[in-house]
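Return atomic coordinates for the entry below.
(chains A and B)
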Amino acid sequence: MKVATWNVNSLRVRLAQLEEWLGRLEPDVLCLQETKVRDADFPVQAFADRGYEVVFHGQPSYNGVAIAARGPLTDVTQGLGGFPDEQCRALAATFRGLRVASLYVPNGTALDSPRYPYKLAWLEALTEQSRRWLADNPALVLAGDFNIAPEDRDVYDPVAWEGSVLVSAAERAAFQALIAAGFTDGLGVLAGEGRGYSWWDYRAAAFRRDLGLRIDHILLSAPLAARFVQGFVDREARAHARPSDHAPVIIEINWPPA
DNA sequence: ATGTCGCCGAGCCGGCGA
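Purely as a prediction, here's the structure:
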């Protein structure tokens, strides 16, 4: 089974690219972030035409998450339990026995911004919710834009970025606390090849110069980590005309068990 | 390094968030 995640930075703008991408990569499940579309305006038909069911949790202008799959999605839940949030950043569903969560972790803006403690609180709520999800179904995938580069080697210039949002010690500790709840960072276990950046700023020709960060992740619970086959960042999508600033991450796992 | 996008409300630009 192929599981993918992509922060599309506006589904409406990226829809044609996404349709083309579905045909090229053929994921079985795809988590989307920053759809920026109201539920009433969600382009359900475009997914149906490609053979995908889709569930979504959106709002105007900002945020918005969705999950598309080649088959029925059940037990759909929005948000993180016990963490009231006006922002649409979390959505979970079950597909072929696999529990999948599409996550758009708050950016945080800067360490002195009020959005920074919100980000840390959100991550703590995610870890708590992940424990509950695992208790219900040990086959769990957390996929999305985590807005955290876990290690210095996930940053093009760690010295320049030291201490800033996306790499700060508190964010990395929160990420490790989530991992410690029972996950493996799908591409994070890879070295060199395969462990590419997933986001490049639109400014300063960052993609052309490969000034990127690895902030989009697919976390696998233990039973799934044992079934990991391969994975990569699809840089081709970032090289497309009028791209999202994020590239998709896709992994293959041996699922369902034979 | 403040250079790019996408969103919105109200235009044909400016503020906001990433």
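
what's the helix or strand for the nearest residue to A:Val100 once chain neighbours are set aside?
Leaving aside its sequence neighbours, A:Val100 sits nearest to A:Val141 (C-beta to C-beta, 6 or more residues apart in numbering; 4.9 Å). For the C-beta atoms, the positions are set from N, CA and C on the backbone; glycine is no exception. Using DSSP states H and E, A:Val141 sits in strand A:140-145.

Parallel or antiparallel, list what pairs with that strand.
Using DSSP bridges, the strands paired with strand A:140-145 are strand A:98-104 (parallel), strand A:216-221 (antiparallel).

contacting residues around the shortest one?
This means strand A:216-221. Contacting residues not belonging to strand A:216-221 are listed as A:3-7, A:134, A:138-146, A:150, A:178-179, A:182-188, A:198-199, A:228, A:231, A:233, A:246-249, A:251, A:253 [C-beta atoms under 8 Å, 6 or more residues apart in numbering].

One more: stretch A:117-130?
A:80-83, A:85, A:89-90, A:101, A:103, A:105-108, A:140, A:142, A:147, A:170-171, A:174-175, A:177-178, A:181-183.

again with stretch A:18-27
Contacts for stretch A:18-27 (C-beta under 8 Å, 6+ apart): A:2-4, A:6, A:8, A:11, A:30, A:32, A:46, A:49-50, A:52, A:68, A:234, A:237, A:248, A:250.

quick one on the thing from earlier: from DNA strand B, how far out is the residue nearest to A:Val100?
Here A:Val141 is placed at a distance of 22 Å from DNA strand B (C-beta to the nearest atom of the strand, to the nearest Å).

swap in A:Gly64?
10 Å.

count of residues packed around that residue?
Here the number of neighbours of A:Gly64 (other C-beta atoms under 10 Å) works out to 28.

and it, what is it in contact with?
So A:Gly64 contacts A:11, A:33-37, A:56-58, A:88, A:104 (C-beta under 8 Å, 6+ apart).

Out of those, which is nearest to DNA strand B?
Nearest to DNA strand B among those is A:Lys36, at 4.3 Å by C-beta to the nearest atom of the strand.

The closest one touches A:Phe56, doesn't it?
No - contact criterion C-beta atoms under 8 Å: A:Lys36 and A:Phe56 do not qualify, at 11.4 Å.

So which of the two has more stuff around it?
A:Phe56 (24 against 21).

Could you list everything the residue most central in space within chain A pairs with in the sheet?
Per C-alpha atoms, centre = their mean, the C-alpha nearest to the average position across chain A is that of A:Gly144, at 0.9 Å. Beta-bridge partners for A:Gly144, by DSSP bridges, are A:Leu103, A:His217.

quick one: it from A:Arg227, how far?
Distance of A:Gly144 to A:Arg227, given as C-beta to C-beta, to the nearest Å: 20 Å.

Tell me what the nearest residue to A:Gln230 once chain neighbours are set aside is bridged to.
Closest residue in space to A:Gln230, ignoring its immediate chain neighbours: A:Glu252 at 5.3 Å, by C-beta to C-beta, 6+ apart. Beta-bridge partners recorded for A:Glu252 (DSSP bridges): A:Lys2, A:Gln230.

now the helices for the stretch 51-200 of chain A?
Assigned by DSSP state H, counting those that start in this stretch, the stretch 51-200 of chain A shows helices spanning A:115-136, A:158-161, A:169-180.

now stretch A:210-218, how far from the chain's geometric center?
Per C-alpha atoms, centre = their mean, to the nearest Å, the displacement of stretch A:210-218 from the mean C-alpha position of its chain is 11 Å.

So that stretch, near DNA strand B or not?
No - Stretch A:210-218 lies out of reach of DNA strand B by C-beta under 7 Å from any atom of the strand, never closer than 8.1 Å.
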